[in-house]
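Asks: curious how this folds, go ahead:
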Amino acid sequence: MIASAEARDMAQSQNWRYFDDGVMGGVSDGSMSLGPNGELSLSGTVSTQNNGGFIQAQTPLTKGQTMGATGLSFHVKGNGKTYFIHLRNRATRLPWHYYTASFDTSDTWQKVILPFEAFGPSSGFLPTSLNADTLKSIGLVAYGSDHRAQVVIKDLQLY
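Replies: Numbering: from 1, shown residues only. Next up is the predicted model:
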């Protein structure tokens, strides 16, 4: 784990914002909330109509915050669906550019450890390897198919 302020639960300490595919004409709808113990909840309806298909909670990272980190860890529970973490860095200039890794959920808390080397690029225009030292944001994402999303994460940390 990274010592110092970066090791705090990032789900609780960061400035999260919600957005969905409505920014590009989609019809997915959802919400996010922060619980009293730092839990980040993302829920809603993901729809692929009108070329859409996502809801997301995203938080910015400060320059240098991820220096020396090799991945993310967190606890998660949800409705049994697969969800994603999207990372954006200096190389991800367009909205559909990100590095992604998936994780499954169940109705009980489980720990997820995602090394940065497990993240793949969303586009062939991105370098194949993620440069974690230049990370700009972390996103918790439900996307890709028509479904009801319900996912909660806590203890989000760099390691």
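
Asks: how about low-confidence regions in the protein?
Replies: Counting by pLDDT under 70, the chain contains low-confidence residues at 1-14.

Asks: any idea where the strands of it begin and end?
Replies: Counting by DSSP state E, the chain has these strands, from start to end: 17-20, 29-34, 40-46, 54-60, 71-78, 82-89, 99-104, 110-115, 120-121, 135-143, 147-158.

Asks: show me what contacts the residue located most distally from the centre of the chain?
Replies: In terms of distance from the mean C-alpha position of the chain, Asn50 ranks first, at 23.1 Å (CA atoms, centre = their mean). Residues in contact with Asn50 (CB atoms under 8 Å, 6 or more residues apart in numbering) are 21, 25-27. C-beta here means a position set from N, CA and C on the backbone, and glycine is covered the same way.

Asks: circling back to that earlier point, could you dump the strands of the chain to CSV with mean neighbour count and distance to Ser129?
Replies: Below are the strands of the chain laid out as CSV (neighbours: other CB atoms under 10 Å; distance: least, CB to CB, whole Å):
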stretch, mean neighbour count, distance to Ser129
strand 17-20, 16, 27
strand 29-34, 15, 30
strand 40-46, 20, 27
strand 54-60, 21, 22
strand 71-78, 20, 14
strand 82-89, 20, 11
strand 99-104, 18, 9
strand 110-115, 14, 12
strand 120-121, 16, 9
strand 135-143, 22, 13
strand 147-158, 20, 18
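
Asks: appreciated, that's everything.
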